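*Asks:* Below is the sequence, then the predicted model.
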Amino acid sequence: MIKRLAHINVISNDLAQSEYFYCEVLGLKKAFNFYKDDQLFGFYLAAGETTFIEVFIDSQPASQQNPLIRHLCLEIDDIDAVIASVRAKGWMITDKKLGTDHAWQAWITDPSGVSIEVMQYTEQSSQYTGADCRVDW
């Protein structure tokens, strides 16, 4: 049911420095941006096929309550089947929701408290189209 790692979400205190590091130093390509209240909130970096690094701004210093790596995301083929399977095994998972990137998502937490997003891309997903996202959270 799981195809591959879809993305990992990291936090940046300086988006320009992060973009320079990932794009200029490491040579990754920016795939698309996230905007919140018309301000750049973050971006996706292509890390091979449909695997990405998701970088979001946060001015708070890193701590146990505010980790630099917020979650990992697994790309899946059939979100409804995954949700049903997880629930059948007695584990909590959220209902599916269409994200601002036009991909279906649901959330689960591992026994250690790590947030895991499961994501099913659609043909309109920014991961395929490169379209920027506007967030309201």
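*Replies:* Now that the structure is in, tell me what you want to look at. Since the model is a prediction, treat every value here as computed from it, not as a measurement. Numbering: from 1, shown residues only.
*Asks:* Check the spacing between Phe56 and Ile11 real quick.
*Replies:* 6 Å (Cβ to Cβ, to the nearest Å). For the C-beta atoms, the positions are set from N, CA and C on the backbone; glycine is no exception.
*Asks:* Name the surrounding residues that touch the longest strand along the chain.
*Replies:* Under DSSP state E, the strand in the chain containing the largest number of residues is strand 2-12. The contact list for strand 2-12, computed with Cβ atoms under 8 Å, 6 or more residues apart in numbering, reads 18, 42, 44, 47, 49-58, 62, 66-77, 117-119, 127.
*Asks:* now, which of the residues you listed lie within helices?
*Replies:* Among these, DSSP state H puts Ser18, Gln127 in helices.
*Asks:* So which of the contacts of strand 2-12 are in strands?
*Replies:* 42, 44, 52-57, 69-76, 117-119.
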